[in-house]
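Peer 1: Predicted model, plus sequence, below.
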Amino acid sequence: MAGNSLSFGVGGSPIKSIQRGVITVAVGTATATITAVDTNKSVLGYLGTKLTAGSDTATLVLTDSTTITATMTGTGQVSWQLVEHY
């Protein structure tokens, strides 16, 4: 691919780290503390919601290098995965 480059780390993988977790939210916002990542080289993925009450609308944000913030209009759990690349 012209104009694109990909750096590979240990063992030839472009992935430096993978973190997964669940944030429990009671209508509003809750956070998870993670191992520090380079926010410019990280991708946060939404894996699903387990709803216990209300609406299942949820958002996830990599707030800073050590925090993921989940916001829900209902009560439940939000599952996430964070992949950091080299």
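Peer 2: Right, received. Where do you want to start? Numbers count the residues shown, from 1 in each chain.

Peer 1: what bridges to the most centrally placed residue in the chain?
Peer 2: Taking CA atoms, centre = their mean, the centroid of the chain lies closest to residue 44, which sits 3.5 Å from it. In this entry, residue 44 is beta-bridged to residue 82, by DSSP bridges.

Peer 1: for residue 19, same thing?
Peer 2: Here residue 19 sits in beta bridges with residue 82, going by DSSP bridges.

Peer 1: Roughly how far does it sit from residue 47?
Peer 2: 12 Å (CB to CB, to the nearest Å). All C-beta atoms are positioned from the backbone trio N, CA, C, and that covers glycine.

Peer 1: the more surrounded of the two?
Peer 2: Shown here are residue 19 and residue 47; by other CB atoms under 10 Å, residue 19 has more neighbours (16 against 12).

Peer 1: Please verify my assumption that the more buried one contacts residue 32.
Peer 2: No - using CB atoms under 8 Å, residue 19 is not in contact with residue 32, being 9.1 Å away.

Peer 1: Which residue, neighbours along the chain excluded, lies closest to residue 65?
Peer 2: Excluding the flanking residues, the one nearest residue 65 by CB to CB, 6 or more residues apart in numbering is residue 36, at 4.7 Å.

Peer 1: quick check, residue 40 in a helix?
Peer 2: Yes - applying DSSP: H, G, I helix; E, B strand; the rest coil, one finds residue 40 inside a helix.

Peer 1: For it, give its distance to residue 65.
Peer 2: 10 Å.

Peer 1: Who has more neighbours out of these two?
Peer 2: A direct count of neighbours by other CB under 10 Å for residue 40 and residue 65 places residue 65 higher, at 14 against 8.

Peer 1: how much space is there between that one and residue 57?
Peer 2: Using CB to CB, residue 65 is found at 27 Å from residue 57.
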